[in-house]
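K.L.:
let me see the structure of the following:
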Amino acid sequence: MSSHESQQRRIDTLIARLYDAAVDDTLWRGTAAHIADVLDSTSAVLKLHGGDGSVRLLECTDNLIVSDRDRAWADDWHRRDLWVQRSVAFGLSRIVTSDDLVTRDEQTRSGFYREWLHHLGIHHMLGAVFPAADGAIGVLGIHRPRDAGAYTPAQRRQAALVLPHLQRALRLGQRLAARARLDAAALEALDRLDTGVLVVDASCRIVHASATAQSLLRENAPLGVVAGRFVLRPPALHERLRSMVGRVIEVAGGRAARPATALSVPRVRQMPLALEVAPLRPSASALGESQPWCLVFIRDPQAPIAVSRLCDLFGLTRTEGLVAAALAQGHALDDIAAGMDIGVATVRSHLKRILAKTGTHRQAEAVALMARSVATRLAGA
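P.N.:
Residues are numbered from 1 along each chain as shown. So this is what the prediction gives:
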């Protein structure tokens, strides 16, 4: 194999790594070292310069990492990077060398060289600036010391082969990261709801279960999981669920139907669980349409209510919050008094203050307000 073919293979391997890193961001670590190696260099950096003057280091070789003690110094020189300033004027997405941007005399006399580059053992640079997301400027800098010699036209062409793939991989990675953040936020929101949420397919196989749903499945005998599928007990109740889920998935798939969407799940010596289903329509893409699913919502009317949240919402004292939570769960005044070991008259006094603080006039209004106002679980609850 000729040296040209060998170098082309190294470049192809680097480009493949860039796209792998876009899909799995843990692979960005080491990418700068790979770029430096392919272009016979000793260091490389990939960073973003924001329009507000901020700089975000995406990846760099280990020899460019400074100690925490020197972080402010390094951040300052990244913001005042002379090569970046000149490269922007030279043109976006154009491969440049340090010789294109500054004369050797200007470079060696500059504070940028004396206080920053010289410290890092950098003299020659090959790189480019390019447009990035949110108006930022992406920066690719590849470096080597003075005695390694200036970059050749062949190396400039090799960098030009890599640059567009780097830009695409970075854009792809940023889009995937943004989607991942939205997905994480959606799952976190589901976990904080006081309503359990299951995502199931037509056979009731569980695709996802929120934290509240997992607790309800563990703590309630009528609910179960068999071979990864959500089941209700007794079997007759489960058949009703299967029928509801099947009809709702037909709706999700675009077939017109008006299925039943709610079901009461009886419990021994407890109020029944409320179960509702809703279609989760598939999202179309060029790679194919995802299958329709069903959302199953499960609510326990006797689930504990976050007392601290009631206190925050309505300015209640701790004792008033305990009384309010008990009222919202349907307990009678006598039962609240017995449970808290206080007199019924004291409970009535707390109720009056609760009505005043919540702006309601009757106990039923206050109960409805409090039961509907706290619809999330406390973190870690």
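K.L.:
how much space between the closest residue to Leu333 other than its chain neighbours and Leu310?
P.N.:
Sequence neighbours aside, Val347 is the residue nearest to Leu333 in space, at 5.0 Å (criterion: C-beta to C-beta, 6 or more residues apart in numbering). C-betas here are computed from N, CA, C, even on glycine. According to C-beta to C-beta, to the nearest Å, Val347 stands 16 Å off from Leu310.
K.L.:
over to Trp293?
P.N.:
Going from Trp293 to Leu310 by C-beta to C-beta gives 34 Å.
K.L.:
name the element Pro279 belongs to?
P.N.:
strand 270-280 (DSSP states H and E).
K.L.:
now that strand: mean pLDDT?
P.N.:
In this model, strand 270-280 carries a mean pLDDT of 93.
K.L.:
chain center to whichever helix or strand comes after that strand, what's the gap?
P.N.:
Scanning forward in sequence from strand 270-280 by DSSP H and E, the next helix or strand is strand 293-299. Relative to the centre of its chain, strand 293-299 is centred 23 Å away, using C-alpha atoms, centre = their mean, to the nearest Å.
K.L.:
what does stretch 39-55 give?
P.N.:
25 Å.
K.L.:
buried residues, it. List them.
P.N.:
Neighbour-count burial for stretch 39-55 flags Leu39, Asp40, Ser41, Thr42, Ser43, Ala44, Val45, Leu46, Lys47, Leu48, His49, Val55 (criterion: 16 or more other C-beta atoms under 10 Å).
K.L.:
span of that stretch from start to end?
P.N.:
Start to finish, the residues bounding stretch 39-55 are 25 Å apart (C-alpha to C-alpha, to the nearest Å).
K.L.:
helix/strand/coil for the residue in the chain sticking out farthest from the centre?
P.N.:
Distance from the C-alpha centroid of the chain, by C-alpha atoms, centre = their mean, peaks at Ala345 (50.3 Å). When classified by DSSP: H, G, I helix; E, B strand; the rest coil, Ala345 comes out as helix.
K.L.:
per-residue pLDDT, it?
P.N.:
93.
K.L.:
could you shift the numbering so residue one becomes 782, and keep it that way?
P.N.:
Renumbered: residue one is now 782, and that last one reads Ala1126.
K.L.:
measure it to Leu1103 for me?
P.N.:
According to C-beta to C-beta, Ala1126 stands 17 Å off from Leu1103.
K.L.:
cool, and Glu1057?
P.N.:
Glu1057 is 30 Å from Leu1103, where distance means C-beta to C-beta.
K.L.:
hmm, back to that, partner strands of the strand holding Pro1060, parallel or antiparallel?
P.N.:
Counting by DSSP bridges, the strands paired with strand 1051-1061 are strand 1043-1048 (antiparallel), strand 1074-1080 (antiparallel).
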